[in-house]
Structures are given as C-alpha cells and as structure tokens.
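1. just need the structure, nothing else, for what follows:
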Amino acid sequence: MPERRPVKPRLLITEPEYFTPGSIRRLFCVARVEARRLTRTQLLRRAHLYEALAVRIETRVDRALIDRARRLKCVATATTGIDHIDTAYLKEKGIPFFSLNQEHSLPTAEHALALMMSLARNVPWAHQAMVKGAWERWNYVGVELAGKTVGIFGIGRIGTLVAQKAAALGMRVLAYDPYVPFEEAARRGGRRVGFKEFLRSCDFFSLHAPLTEETLGLFNDPVIAQMKPSARLINTARGAILDAQALVRALSEGKIQAAAIDVYAEEPLPAVHPLRRYARTHANLMLTPHLGGSTQEAKERASMQTAKTLIEFFRRM
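-> Below is the predicted model:
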C-alpha cells in the first residue's frame, strides 16, 4: 500500500489585498490556502473549517469567532497592533498567536508627518478648492513647522521616529510617556514632561501610544480644553484613545485649530459617523482610512514575515 501523505492544514487569509502574491504562494507549500474576503456572517459560518487564520486589522478575532473555529491551531496578524485580537482568550484556549514587530513603524511615522505637514499648509482643503475652480490663496495661509513644538504622546518605536524626523525639520520635541525614563526619552529625541505641561506647550500633537485601560478615551473634553486654540492634533495610533465627539466639539468651538485622523474606534468608519459628517462641511478636519502602515514596502515586509512565521509553525506541527 502506498504511504498516505498527511493532509495539509487549511489556512484562511481574510484580507488578501494586504498579502503579496509571493507570500501567498509560499504558504501553499505547507497549507491549503484560501485567500478571500468574507463578511462577518460568512466568517462565523465557515470558521470551523480552518486550522489557521491570517488576518489584519479589519478582522475581529474575538470569542465568538474563536469558539466557532473548533479546529483552530494558530492565528497570525500582519499588524503590530493587536487590539482586534482577543489574545487572552486565545491563550486560555491554548492557541498560539503571532504578530509583527517593527514592519509598520517607519511608514506609520512617515504618515503622521505627512498629516502634520498637510494640516500645517491646509493641503486637502486647498486641493478641494482648486478642483472646484477656485483660486483662494488668502484662505489657505499655513504655518511653518520649523520653530514649532510637537508633542509625542508615547515615545516608543513609532513615536521615536516621528520625534527624530520632526527635530530634523527644526521642531522642538516634547514627549509624554510615563513608562519611558527621562534620560531614555531624551535619547529617543524628546524632552519628557508632565501631562499638563505637555498639553499646554505643544503646537502639534502626534499620538503614538497603545490602546490600554489608561489611554482609552483619554483625549476627551477636559484634556483637549487644556491645549492651545492654535493646536493641531494627529492620531495614527488607535482610534479609541481619542473621544471622537469631544474632538468634533473642540474643532467646531475653536478650542483647537485642526486635526488629522487615520484610526478609528470602529473600522471601517460608518458613513454616518460624526467625524465624517463634520469633515464634509468644515475645513479643519482631515480623515484618512487607516493608511499608516499602507505602503508597498511595508506590505511586502509584513506579508512575507507573516508567511515565514506560519510556515515555521506548520512545519513544527
């Protein structure tokens, strides 16, 4: 009798647009790969078919999904952020979990700076006016970054990159991060200060802290009220750090000058969300659809690293 080959595990890639064809091809050597988008309902209905999931930020791997994925042996996310994954429940179930390390740090830092520059020079609103046929230079007079103070909220890997690049543009850099010693913050490019000084001193704020119980909804009405009326705020960290309703109130009442948001507590952002409604009629709120880590280079690094991790895991099974 011929020896029967073991059946390869079944792997679902839930957001295939973010995985390169090369990375998907590599996975076929160790798994039966299905790379396609499913609705939440479809995913829950089919979850029991798969031994492994490769996801990104739009796929919630929560208790409901984990309980239905009865064959699940591992989960890999091609992201550094993991708040879309119930890692505690995976651990309780004994299911290994893998995420990225630094693959998205540089592009996210660059995107934060792109948003900062766009706010400083009113780029999106000037573009919209030009497309409509207007020529209103006087309406879009900006400010220079050189000589301004930028506040880095969370001076980890991404915050450090933003701090260093902002300093190269001639900006003064302050940092708020109670988990980084004063000397280490200075080595990373920012002078660490207390929260009150941080809020009242900065012209620009760039958020880079993880979402935790401490940071959840931290930037609310009382906190934003302590900022300068001329302040501009950029969030490329996690949406739930910032109270969206409080931001809309602050912008509409002139408590801060402008904001640029790339991340949201609910993604995709609903069409009727207050941030969308406000941005449609006001020229001081810029929204982008979670583009921080979305570069060709980061996509290549993230998808290949995820594929490598899964291949090593499957070969040990």
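
2. please identify the helix or strand for Gly151.
-> Element membership for Gly151, per DSSP states H and E: strand 149-153.

3. for that strand, give me every contacting residue.
-> Contacts of strand 149-153 with the rest of the structure, by CB atoms under 8 Å, 6 or more residues apart in numbering, involve 116, 159, 162-163, 166, 171-177, 190, 198-199, 201-209, 237. Where you see a C-beta, it was placed from the backbone N, CA and C, and this is true even at glycine.

4. equivalent analysis for stretch 129-138, please.
-> 126, 139-140.

5. same check, this time on stretch 40-54
-> For stretch 40-54, the surrounding residues in contact (CB under 8 Å, 6+ apart) are 9-14, 19, 27, 31, 34, 38, 59-61, 64-65, 68-78, 306, 310, 313-314.

6. give me the buried subset of the residues you listed.
-> Neighbour counting by 16 or more other CB atoms under 10 Å classes 9, 11-14, 19, 27, 31, 59-61, 65, 69, 72-78, 306, 310, 313-314 among the contacts of stretch 40-54 as buried.

7. which of these fall within strands?
-> Among those, the residues falling in strands (DSSP state E) are 11-13, 74-77.

8. pLDDT and distance to Lys148 added to those residues, as CSV?
-> Output for these, formatted as CSV (pLDDT from 0 to 100; distance: CB to CB, whole Å):
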residue, pLDDT, distance to Lys148
Leu11, 98, 48
Leu12, 98, 47
Ile13, 98, 43
Cys74, 97, 46
Val75, 98, 42
Ala76, 97, 40
Thr77, 96, 36
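
9. same list (these) but as CSV, adding distance to Ser252.
-> Formatted as CSV, these follow (distance: CB to CB, whole Å):
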residue, distance to Ser252
Leu11, 47
Leu12, 43
Ile13, 42
Cys74, 46
Val75, 41
Ala76, 42
Thr77, 36
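
10. got a quick ChimeraX command for the buried subset of the contacts of strand 149-153?
-> Selection of buried members from the contacts of strand 149-153 for ChimeraX, criterion 16+ other CB under 10 Å:
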select :116,159,162,163,166,171,172,173,174,175,176,177,190,198,199,202,203,204,205,206,207,208,209,237
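
11. so of the contacts of strand 149-153, which ones are in strands?
-> Per DSSP E, strands hold the following members of these: 172-176, 204-207.

12. these: which two are farthest apart?
-> The largest distance within these, taken as CB to CB, falls between Arg172 and Leu207 and amounts to 17.9 Å.
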